[in-house]
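Chemist: Provided below for reference: sequence and predicted model.
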Amino acid sequence: MTRAMIKRSSKKIPTHYGMTDFYNYYKVNSENPVTPSEYNKIVSLFNLQIIDKILNDYKVYTVPILRLKIGIRKSKPKIRFKDGAVVNGNPVDWVTTNKLWESDEESRNNKVLVRFLNKHTFGYVFRIYALKFAARFKNKSVFRFKATRTFQRELSKRINDKNKDMFDSYLLYETK
């Protein structure tokens, strides 16, 4: 293992429970359990339906018992100055940045970053979030929600889909 690999993974919190643990619990507590492959298919289908409801029906999913709410939030990054330096909150376009760095050594040395402007969403950036204010568990301040890659890719597809109404998450804010 290289030093960069250790450094990068040192901040990751290991998962204590996974699909196998959930299946074992289900198998012990069920009278007629299904096979592990059927269990995986059922759980995956359930998760995909939740993603579909959040993205296409503008719903906020509340995780039972924990009262954790999962939805989409939009924000408009602003360029500001901090200690005389420009701070740009727009996401980095790494494909274009890497092409620039390959063609121009000076920009690579200066670490010039190319950022997305998000003109198709009028400058807004959409994020998958988890509201944990009403959640019922200890140490909420150290809890971190990381959406799956599938969820992130489906959000991107939904935002860029010209056949559907423009995606707007102001409908996703809940006052209750």
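Modeler: Right, received. Where do you want to start? Residues are numbered from 1 along each chain as shown.

Chemist: how much space between the most centrally placed residue in the chain and residue 50?
Modeler: Here the mean C-alpha position of the chain is nearest to the C-alpha of residue 147 (C-alpha atoms, centre = their mean), at a distance of 3.8 Å. As judged by C-beta to C-beta, to the nearest Å, residue 147 and residue 50 stand 11 Å apart. For every residue, glycine as well, the C-beta is placed using N, CA and C.

Chemist: If you tally nearby residues, what's the number for the nearest residue to the residue nearest to the centre of the chain once chain neighbours are set aside?
Modeler: Spatially, and ignoring its direct neighbours in sequence, residue 147 is nearest to residue 128 (4.1 Å; C-beta to C-beta, 6 or more residues apart in numbering). Neighbours of residue 128 under the rule other C-beta atoms under 10 Å: 19.

Chemist: Now do the SS call for the residue nearest to the centre of the chain.
Modeler: Following DSSP: H, G, I helix; E, B strand; the rest coil, we place residue 147 in the coil state.

Chemist: Isn't it up against residue 126?
Modeler: No: Residue 147 sits out of contact with residue 126 when judged by C-beta atoms under 8 Å, with a separation of 11.5 Å.

Chemist: Tell me the spacing between residue 30 and residue 20.
Modeler: Counting by C-beta to C-beta, the gap from residue 30 to residue 20 is 15 Å.

Chemist: what's the answer for residue 154, then?
Modeler: Relative to residue 20, residue 154 is positioned 25 Å away (C-beta to C-beta).

Chemist: more neighbours, those two?
Modeler: Neighbours of residue 154 and residue 20, each counted by other C-beta under 10 Å, are more numerous for residue 154; the result is 19 against 11.

Chemist: Please verify my assumption that the more buried one contacts residue 49.
Modeler: No: assessed by C-beta under 8 Å, residue 154 is found out of contact with residue 49, at 11.8 Å.

Chemist: residue contacts, residue 117?
Modeler: 90, 123 (C-beta atoms under 8 Å, 6 or more residues apart in numbering).

Chemist: go again using 7 Å as the cut-off
Modeler: By C-beta atoms under 7 Å, 6 or more residues apart in numbering, the contact list for residue 117 reads residue 90.

Chemist: Now do it, the pLDDT please.
Modeler: For residue 117, the model assigns a pLDDT of 82.

Chemist: End to end on stretch 88-97, go ahead and measure it.
Modeler: End-to-end span of stretch 88-97 (C-alpha to C-alpha, to the nearest Å): 15 Å.

Chemist: With stretch 94-111 instead?
Modeler: Rule used - C-alpha to C-alpha; the end-to-end distance of stretch 94-111 is 12 Å.

Chemist: Perfect, that will be all.
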